[in-house]
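Enquirer: Model the following, please.
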Amino acid sequence: MRERPVLVVGFVTPVLQALTGVEPDGSVVLVEEPDVIRKRDLRARLAGSALVRALVEWEHTRPGSADEFHAAHPDLDPVAVIPLIEYATPFAARLAERYGVPGASLGAALILRDKVLLRRVSAAAGVANPESATVTGPADVRAFMRAHPGPVVLKPANRQAAVGTQVIRDPGEVEEAWANCLEQDEGIFVPDRPMDLRMLAERYVPGAEFSVEMLVRGGRQLFANVTAKQLYPGPRPVELAHIVPADIPAELTETLAGATRRVVAATGFADGIVHCEWIVDGGVPCLVECAGRIAGDGIMEIIDHAYSVELLRAYFAVMRGETPPALPRRATGGAAVRFVPMEPGVIDAVLGLDEARRVEGVFLVDIQVGPGHRFAGLRSSWDRAGLVMAEADSPAEALQRAEKAAGLVRIEVRPE
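Expert: The predicted structure follows:
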């Protein structure tokens, strides 16, 4: 009898690479949007995959699509349903309910996908949130700035990767910022049909930025890590580096984990991983947003290196309804991701990769651009050129190694 499949929603290259040779051959049924399959040429890319049993085209971001999928595939009988991308989380949560396997719960997934709902629900549970309001145009943004003097953040209520997000410090910037933030094209990573546009204005919160990656089973914490973040300078809040574990007092680590547990409880999140982002203002964690899925940006990989753990395997075990192996409470070292900057223009050459890979502690140098690539400037996380990952005995040393290696990568550009 053939093994029950793991149904994975959304294509993420590093995750499928990490699972190849670990999960049984032919154990994964991958569901992805038809437009994304076409634009990323996934049928050709997965043709030789030992891991993926089948690639199913399905418009999983449409309302009701999970129930439609279940009705069309009642006998699929997956052992787990796992979302790998932000926009797949409600579909996966509902499908898990229909197939009777562990999942976030549809209610939790819908709250986490909508920043307006998340603000209301988490605030009712005592979680600190910045003042915010739904806005439909520049006039609404200016009215919000009059009511809340100081910088504001303009962002979509339902997007990812800092798409369409900008810090506004002066009312005179509002018109241009509004036009900039309406540019929310995510290219090959999303279907071509338009996505509902809902924008928020929020009080800008100064302070150190962190994220909490928490593995949850039955609404209870099994593992938690706090990641420290650095941002690129400028009005676009795009992450420049992640450091694991955050080099902060134990009391603040527990405060951030406790705040994340309150979000989990308030939303009714049941099984899976949450990736909650926070800004600490005056010692108080203020919620930025929270995703009901694995963290991107290489955070899962650096957690593994810093904690000597296989968090992805533990996550898959939870989603199968199994008890994962004992998970560490503390890191055994440090690890960091540092993104490689580049100037706007057309790339002529990418140099220094071999030198970067020879830096002590570096275990990955991954550059996503090459000659001929056009870069118009940093607008979202999708615009970053590539990254370096490094490990060391401490988080600070890991970051130093990653920064050194990133500095050796030279992306030569010429003006358009």
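Enquirer: Using the record's assignment, carve the protein into domains.
Expert: The chain is divided into the following domains under automatic domain parsing: 6-101, 131-203, 206-332, 333-416.
Enquirer: Would you map the helices across the chain?
Expert: 13-19, 34-39, 42-45, 65-72, 89-99, 106-113, 115-124, 138-147, 174-181, 250-267, 299-307, 311-319, 353-357, 395-408 (DSSP state H).
Enquirer: Single out the most deeply packed of the ones you listed.
Expert: For the helices of the chain, the largest average neighbour count (mean count of other Cβ atoms under 10 Å) is found in helix 89-99, namely a mean of 25. (C-beta placed from N, C-alpha, C; glycine too.)
Enquirer: Identify the single longest strand in this structure, thanks.
Expert: Taking DSSP state E as the criterion, the chain has its longest strand at strand 220-231.
Enquirer: partners of it, with directions?
Expert: The pairing partners recorded for strand 220-231 under DSSP bridges are strand 208-217 (antiparallel), strand 239-244 (antiparallel).
Enquirer: Make JSON lines from those and add mean pLDDT and distance to Leu55 to it.
Expert: Putting those into JSON lines (pLDDT from 0 to 100; distance: least, Cβ to Cβ, whole Å) gives the following:
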{"stretch": "strand 208-217", "mean pLDDT": "97", "distance to Leu55": "28"}
{"stretch": "strand 239-244", "mean pLDDT": "94", "distance to Leu55": "31"}
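Enquirer: any chance of those strands in JSON lines, plus mean neighbour count and distance to Thr13?
Expert: JSON lines is the format used below for these (neighbours: other Cβ atoms under 10 Å; distance: least, Cβ to Cβ, whole Å):
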{"stretch": "strand 208-217", "mean neighbour count": "22", "distance to Thr13": "20"}
{"stretch": "strand 239-244", "mean neighbour count": "24", "distance to Thr13": "18"}
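Enquirer: so which of those gets nearest Ala147?
Expert: strand 208-217 (25.0 Å; Cβ to Cβ).
Enquirer: Give me the angle between the closest one and helix 311-319.
Expert: Angle of strand 208-217 versus helix 311-319, following axes from the mean of the first three to the mean of the last three Cα atoms, to 10 degrees, is 40 degrees.
Enquirer: what distance separates strand 208-217 from the middle of the whole chain?
Expert: 11 Å (Cα atoms, centre = their mean, to the nearest Å).
Enquirer: ditto for stretch 316-332
Expert: Relative to where its chain is centred, stretch 316-332 has its mean C-alpha point 20 Å off (Cα atoms, centre = their mean).
Enquirer: Name the residues that touch that stretch?
Expert: Residues outside stretch 316-332 that contact it (Cβ atoms under 8 Å, 6 or more residues apart in numbering): 6, 19, 23, 79-82, 96, 101-103, 215-217, 222-223, 225, 244-245, 271-272, 306-309, 311, 313-315.
Enquirer: Nice, that's everything, thank you.
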